[in-house]
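Q: This is a predicted model, with the sequence first.
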Amino acid sequence: MRKLLLSILVSLVMMSILAVGCGGDATPVVREVVVEKEVVVEVEKEVVVEKEVVVEVEKEVVVETEVVVEVEKEVVVEVEKEVVVDKILEPFRIGVMESLTGPGETYGQVAVQSKQLAVEEINRAGGINGRPLVLIIEDEKCNARDSITAYTKLTQVDKVKIILGTSCSGAMLGAAPLAEADGVVMFSGLATNPAVADAGDYIFRTSMNDAQVGIDTGNKLWSDGIRKLATITEATDYAEGVRRESANRFVALGGEVVAEERYGSEETDFRTALTKIIGENPDAIHIAAQAEFSGGTIQKQVRELGYEGPIYGEIVVVGATALDIAGESATGTIGIVAELDSTNPLAVNFLDRFRARYAFTTLQWYMGSAYDDVYITAACLEQTGDDQDADGFRDCLYNMEPFSGTIGTYTFDDKGEVVGLSNVIAEVVAVADRTPENSGWNILGPAPVLP
Amino acid sequence: MKILNADKRLPALPRSIIGHPLVSIVVAGVIIYLALLLGQSADQFLQFSINGIVIGAIYAIVAMGFNIVYGTVWFFDLSYGAMATMGAYSVFYFTGRQIQTVGRGEINNLYLDIFMGILIAGVVAWVLYVWIYPELRSRINRITLLAVGALVALATGAYTGLILAHPADLNVFLSPTIGLLVATASGCVLYLGALSGIGSGRGLILFLVLGLPGALALGGYSGWLVADTLSTRLYLSWFMGAILAGASGLAIYRGVYFYLRRQARSPLVMLVGSLGFLLSITAFIAIIFSPDGRPLAQPFGTVPWSLAGAFIKPFQVLIIGIAFAIFGGLYLLLNKTSFGTAVRAIGDDEEVARIVGINTPVVIAVIFFLGATIAGLGGILLGEDIGIRPQMGLLLLLKGWIASVVGGIGNIYGALLGGFVLGMVENYGVWYIPAQWKDAVAFVLLIFFLSFWPRGLLPRR
Amino acid sequence: MLEKPVAESPWWRSLSNPRLLGTRLSSNVELLINFIVVVATIVFILSQGSGFGIRIAQLFAIFAILAVSLNLVIGYTGLLSLAHVAFFGVGAYSVAILTTDAAYEQVPGHIPHFGLSFFTALFVGMAITGVVALFVGGVLSRFRDDIFVLVSVGFAVISHRIFLFWQPVTRGPFGIHAIAKPEVGGMVIDSRLEFLFLTLAFLVIVFLISWLIVRSSFGRVLMAIREDEQAIEVFGYKARYFKLTIWVISAMMAALAGGITASEQTFIDPQSFVLLESILLVTIVILGGLGTLWGSLLGALVFVLLNEGMRFVPFLPGELIGQARLAILGIVIVLLMLFRPQGLVGRFKL
Amino acid sequence: MSEAGKQQDNEFAIQTRGLLKQFASVRAINNLSIALPREGITSIVGPNGSGKSTLINLLSGTLPIDEGLVIIEGMSLRAILPYDSPNHGITRTFQEVRLFDQMTVLDNLLVILTKREVFGSLFEPPRASYRNRARQLLDSVGLWDKRQDMAANLSYGQRKLLEVSRALAMDVQIYLFDEPFAGLFPAMLERVKGLLEGLRRERKTIIFIEHNMDLIRQLSDYTFVLDSGELLAEGEVQEVLAKPEVIEAYLGT
């Protein structure tokens, strides 16, 4: 009997979950607060008071009438009435898929926060053509299965046609075939795997291909006089991609990779691998990391093991948390990074607002990229005026005028790849000189170009 | 090995194992392999050894925490991983502002403070209830006793919450407690000394005249010293972190394991239950502190000492020292005190222990507190050495688990030995293969050991 | 005490006799209710007509295959295995590697072009998994209780490392994409609904096989092994071979699920085969009920609905959903162990 | 050995030669050489810790033999694997009742009756013959009514009865009962006694461990007395129990 009751209970719970899940499709009502100002001006008031003043002068009684005019001051009363009007304004609904858990959670969370910031700004400024923008956020956990589930939920339940995301190339590659088949635009600020370029017509990104970072890194290594390189790489598609492209370029220029080690994302102790690497006496060590934790920890442990040569890395290795973890060990590390331009007021503004809101910034370029995505989306929505029109949106992106955002001025090529961005060389400064404003590094200039 | 042999409980290796031909083959193989490594590159060999000893010390610490619990209640408490993470994050909580330069600032969460305060209050209340209450019940009015107990518990909880709410002034807020503790301790010592040394009558007067003011002055001075010195904050935060982790472990035991143990058929129920704690506490830490990795302050700096071509950080020497200190402390506690006897009796047969009058709930609670404290300390040391992240507990836990199984389940000698063996094998093992297979090597070692020495290197009995 | 002739006769007799059938059904009312719940929920999901419902049903079917097969090992034989995800992964990777004929110029060390059809690859993959499971089971059968759990964790970790680092074969972190879809009689199963029906068909097959196993004398011996391995050995059963057999069968079922998953999402990477997935699977099995196959279906259903239902909880901030899900799962495990260690409808207490 | 050694080998069901079992530093069975007669009821007595249960565990393969030789039905064995013991014609019960707790009473018996090979059992359909045999056995101990109950829910006596009937289900030549009467009420005790005597009528070999002198006198045809893993005395019940060294061992002066 107890089991019977239990199964009924379970079925009820499930039904209610389903009801919540499948029934929650009501049109959102935008509640607008219209402030009506009522100005009541009370104009000059003349009060005429006649006073009889009896003046007794000896036997004569003279009645003098004195007129006293009391003028009251002008009183202006403004009455503000808040009238709440429930306006049914169909918002633009955009899906967001980022990895809020899993190995990409570091990026996913700041990406979502940046996007939410952008959306709030757009809505506060009156929305797009008067219509607000709504983000529907889903977690793709940085793996293909959850990415497909999140994608299906967004497209089938929420009926969105434009999805911003994902954070991980793996998740992107899982959902991209479906998006391509359904004609849904996927627009990522973070996926860097070169395979994403060929994923389809509807797939865009504002982050640079690994290949670009690789070429710049290889050039920089060679021009700094490095001939024997050791690499240590996190086993994720991004980090592996960066390592592969960099090493290829470096070897093509004539260098030699004398040692290479990899590590799993959950590892914390890299000393074993580093001891082996340092034993090969490389001219420099190249770190490719996906998580800032390992990026910072490796720098620290390299120095603890007595290695004094230069360290090269990409943006993650010189990220804010990585530098905090590495401390003084990171001083002098060279990062080949895509950097927010500190002379760009858009970028500076954005960072200030973000810092004011969340009290930190990290991986500023990725944040800026995620932030820009929303503004590009808004611009294109303004053009098409319909969030269901994925084809129009796609064409808008292909034909986009050079867009100037926080990360620079850029367009998209015919593969949906971003054009117009470039990497710079950054050198990490000593702990005492690091500030949130300079992200802890000096820009040495653009990446060298070698034949 | 001298110390180990002095203990009668330490089991000698069974003759069948020593005489086993496989042992000599394996030992010979290991020696040849190590000699080969040494011949190839001596300073790298030394560096590997240092790496192995340092990480092995941390494994050993976690394994010792594991094993005192396992040897008493016979199940592996997976929530230890979460306790280790918790210890490390407490240190971050207290010292966050000191070390952050570019990244996220200090995180202070009111709800967390309140929650921990309530948790500590509960733990204190329970401890008072099972420990003090039965002793005083007959002498003092029950209502009074309960009221005073509740007041003490509440005060402790509120005090904890207060400390947590002002992490930057940890030393200031902790100083009265430390002063009080020092005063009480020195007072006790003086009192005992005076009584035993000079005889009761005059000794007491002497104590009252000289000892008491002295003790009070000492307490006050140490309290002032702590409050005035900023650099003590880091070490105080270790202390607080370990205590918080221990109290959480005790709360989990009392809140859940206590009931689970009453109805469980097999250790698997407990194992799965503690797995649930590991999952949820890790997730909560990630929610509160964000899933990113975080730095901890670097005690003694990062400048390594050079040692014949190899390098070691001063802090790493401290880690090794702490591992042996914990071992020594546990050795004394388990072998030289009546408490240790009680623990062993419970480990042998809880039913019988209860019948002969051992207060089993209290002893087990202390064991859980101790185990979780040690786990928290392990997490703190790992965090100080490397860095912290919410998921660090799982891997640390697995390694501690392996170390305790390899060393010998249920005793601290095995845990110490197993930790170092695991650390060394992990390091030497990947000399010729890519270092990414380190974890796989650890598990292969485990499977190998379990297949041929199913009870570990130093079995309990 | 009245005799119940129904219970004694083999089950198929009752099919020809309506009166017996009625009695049999009413004696199994609990099972019937579960069945109705499951069917009703599936119908309900499908009747929503949305692709998300199909996706949920697809996830349910995959998890149900995994849970049913894992229940044979945990619930019936009493081996708390966390290595199931390894076999899931081996199956998925086998199918991915065997079916694909795409050129991978990006990674050094090309995958040989096998280009098998999906079903051939599936069977070959299951065979490979069977061999792997035989080896793993041979090692594992030496251990019991918590040591068994630890060693099975070891195999889960090692398998993940192999998926991640054996790059010439598995392409490591890049994953394998463009995996072939199954083809039946010249028709490619492409749409999600078709795929769902294929998966459900496999689920039914797996369920029936499992049901026959647990109803057979073999299943009874498994339960006896779970209760007291030493005692059943004294009565002449070689418990080790029984454990190995069910272990291999269960692993092959997991491989089946893996193969379907690989083909369904056309992309796999090592991230889907981590230890956490094993923990989730064990949770499903315990949640539904140890030692009942229906329980596993129920567990998979509840888990998938809980997991995906959290996407609709309005008050959770977006960036916390994922972690909150894990936190809730952990609490659910603790509560289950406290109040219902045998799961929702199970009989066997761990 | 002196008396028994003169007899023919095939008169003994089981002989041991120099059997040895060591736990840590304690020798539970110390160089034991005995010969257990074929057919009839043999009892093994001895104070606690004298190695009675260990002997049964060794004979049934539950514990591995350290040294020595066991001769069962003329076949010399240096090691007995647990799952081989039925092939040697041996089955047993356990001192602490070891039923399959979370299985029904009926399943507890059926699991003994069905095929023993992996694939044989996998493809075996449910057979009425097994069921009838199970019913017969359960009727003999009065548990048929409880056949659908979980074994864990039975009373202690019922569990003991079920375990005895599980051993009977094996239908072998040699039965080893480890304290089958311990803790039973008189009525149940009579029932178990009846079962043992029934086996005797079927000319089986029954070996049992018991502390109750009355039962030993009533039931057993032959008795061995063990002390500290060594044979203290053997022979007909009455004369053995009258020996001074036996009395001394029991009273423990």
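A: All right, it came through fine.
Q: Leaving aside the residues adjacent along the chain, what's closest to the most centrally placed residue in chain B?
A: In chain B, the C-alpha nearest the mean C-alpha coordinate belongs to residue B:374, at 0.3 Å (CA atoms, centre = their mean). Excluding the flanking residues, the one nearest residue B:374 by CB to CB, 6 or more residues apart in numbering or on different chains is residue B:65, at 3.5 Å. All C-beta atoms are positioned from the backbone trio N, CA, C, and that covers glycine.
Q: I figured the one you found was touching residue B:378, is that so?
A: Yes: Residue B:65 is in contact with residue B:378 according to CB atoms under 8 Å; the separation is 6.7 Å.
Q: Overlap of the contact sets of these two?
A: Residues touching both residue B:65 and residue B:378 (CB atoms under 8 Å, 6 or more residues apart in numbering or on different chains): residue B:400.
Q: Take stretch A:111-122, keep the C-alpha atoms, and write them as PDB.
A: Coordinates of the C-alpha atoms in stretch A:111-122 are reproduced here as PDB (Å, rounded to 0.1, in the frame of the first residue of the first chain):
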ATOM      1  CA  ALA A 111      30.100  35.300 -20.600                       C
ATOM      2  CA  VAL A 112      26.600  35.100 -19.300                       C
ATOM      3  CA  GLN A 113      27.200  38.000 -16.900                       C
ATOM      4  CA  SER A 114      28.600  40.100 -19.700                       C
ATOM      5  CA  LYS A 115      25.700  39.300 -21.900                       C
ATOM      6  CA  GLN A 116      23.200  40.100 -19.200                       C
ATOM      7  CA  LEU A 117      24.900  43.400 -18.700                       C
ATOM      8  CA  ALA A 118      24.600  44.300 -22.400                       C
ATOM      9  CA  VAL A 119      20.900  43.300 -22.400                       C
ATOM     10  CA  GLU A 120      20.200  45.400 -19.400                       C
ATOM     11  CA  GLU A 121      21.800  48.400 -21.100                       C
ATOM     12  CA  ILE A 122      19.900  47.900 -24.300                       C
END
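Q: Could you tell me which residues of chain C lie near chain D?
A: Residues of chain C lying near chain D by CB under 8 Å from any CB of the partner chain: C:1, C:7-8, C:10, C:213, C:215-218, C:220-221, C:223-224, C:226-228, C:230-239, C:241-242, C:245, C:291, C:347-349.
Q: tell me the domain boundaries of chain A?
A: With automatic domain parsing as the criterion, the domains of chain A are listed as A:2-25+A:33-82, A:92-208+A:362-420, A:211-337+A:425-446.
Q: in a helix, that's where the residue nearest to the centre of chain B is, yeah?
A: Yes: checked against DSSP: H, G, I helix; E, B strand; the rest coil, residue B:374 lies within a helix.
Q: Identify the residues contacting it.
A: Shown in contact with residue B:374 (CB under 8 Å, 6+ apart): B:61-62, B:64-65, B:68, B:242, B:326.
Q: Spit out the contact partners of residue 151.
A: No chain in the question, so chain A it is. The neighbours of residue A:151, taking CB under 8 Å, 6+ apart as the test, are A:97, A:138, A:140, A:163, A:175, A:178-179, A:184.
Q: wrong one, chain C
A: B:443, B:446-447, B:450, C:139-140, C:143.
Q: Quick check: residue B:394 vs residue A:266, distance?
A: Taking CB to CB, to the nearest Å as the measure, residue B:394 falls 7 Å from residue A:266.
Q: which one of the two has more residues nearby?
A: residue B:394 (22 against 18; other CB atoms under 10 Å in any protein chain shown).
Q: Next, the residue of the stretch 101-250 of chain D found nearest chain C: phi, psi?
A: Nearest residue of the stretch 101-250 of chain D to chain C: residue D:114, at 3.6 Å (CB to the nearest CB). With angles defined as degrees, to the nearest 10, residue D:114 sits at phi -80, psi 180.
Q: How about it: what's its closest non-neighbour residue?
A: Among residues not flanking residue D:114 along the chain, residue C:217 sits closest, at 3.6 Å (CB to CB, 6+ apart).
Q: so residue B:222 touches residue B:176, yeah?
A: No: Residue B:222 lies out of contact with residue B:176 (CB under 8 Å); the separation is 10.7 Å.
Q: Looking at these two, which one has more neighbours?
A: Taking other CB under 10 Å, residue B:222 and residue B:176 do not tie; residue B:222 has more neighbours (18 against 15).
Q: any weak-confidence spans in the stretch 151-253 of chain D?
A: D:251-253 (pLDDT under 70).
Q: contacting residues for the closest residue to residue D:170 other than its chain neighbours?
A: In this structure, residue D:170 finds its nearest non-sequential neighbour in residue D:91, 4.0 Å apart by CB to CB, 6+ apart. Counting by CB under 8 Å, 6+ apart, residue D:91 makes contact with C:234-235, D:60, D:85, D:167, D:170, D:172, D:174-176.
Q: and the two most separated of those residues?
A: C:235 and D:174 (13.8 Å; CB to CB).
Q: quick revisit: counting only helices, which of the residues of chain C next to chain D make the cut?
A: C:7-8, C:213, C:215, C:217-218, C:220-221, C:223-224, C:226-227, C:230-234, C:239, C:241-242, C:245 (DSSP state H).
Q: could you flag which of those are buried?
A: The neighbour-count test (16 or more other CB atoms under 10 Å in any protein chain shown) marks C:213, C:217-218, C:220-221, C:223-224, C:226-227, C:231-234, C:239, C:242, C:245 as buried among these.
Q: So of these, which two are at opposite extremes in space?
A: C:213 and C:234 (23.7 Å).
Q: where along the stretch 251-350 of chain C do the strands fall?
A: C:267-268 (DSSP state E, counting those that start in this stretch).
Q: just for it, where's the confidence low?
A: For the stretch 251-350 of chain C, the ranges with pLDDT under 70 are C:313-319.
Q: Could you pick out the residues of the stretch 51-200 of chain B near chain C for me?
A: Residues of the stretch 51-200 of chain B found near chain C (CB under 8 Å from any CB) are B:75-76.
Q: measure the nearest residue to residue B:145 once chain neighbours are set aside to chain A for me?
A: Of all residues not flanking residue B:145 in the chain, residue B:136 sits nearest, at 5.9 Å (CB to CB, 6+ apart). Using CB to the nearest CB, to the nearest Å, residue B:136 is found at 44 Å from chain A.
Q: can you pull the pLDDT of residue B:136?
A: Per-residue pLDDT puts residue B:136 at 85.
Q: what do you get for residue D:34?
A: We note a pLDDT of 88 for residue D:34 in this prediction.
Q: Tell me how many other residues crowd it.
A: Neighbour number of residue D:34 under other CB under 10 Å is 19.
Q: That one touches residue D:18, doesn't it?
A: No: here residue D:34 lies out of contact with residue D:18, judged by CB under 8 Å, at a distance of 10.8 Å.
Q: that older thread, which of residue B:65 and residue B:378 has more residues huddled nearby?
A: Taking neighbours as other CB under 10 Å, residue B:65 and residue B:378 compare with residue B:378 leading, 36 against 33.
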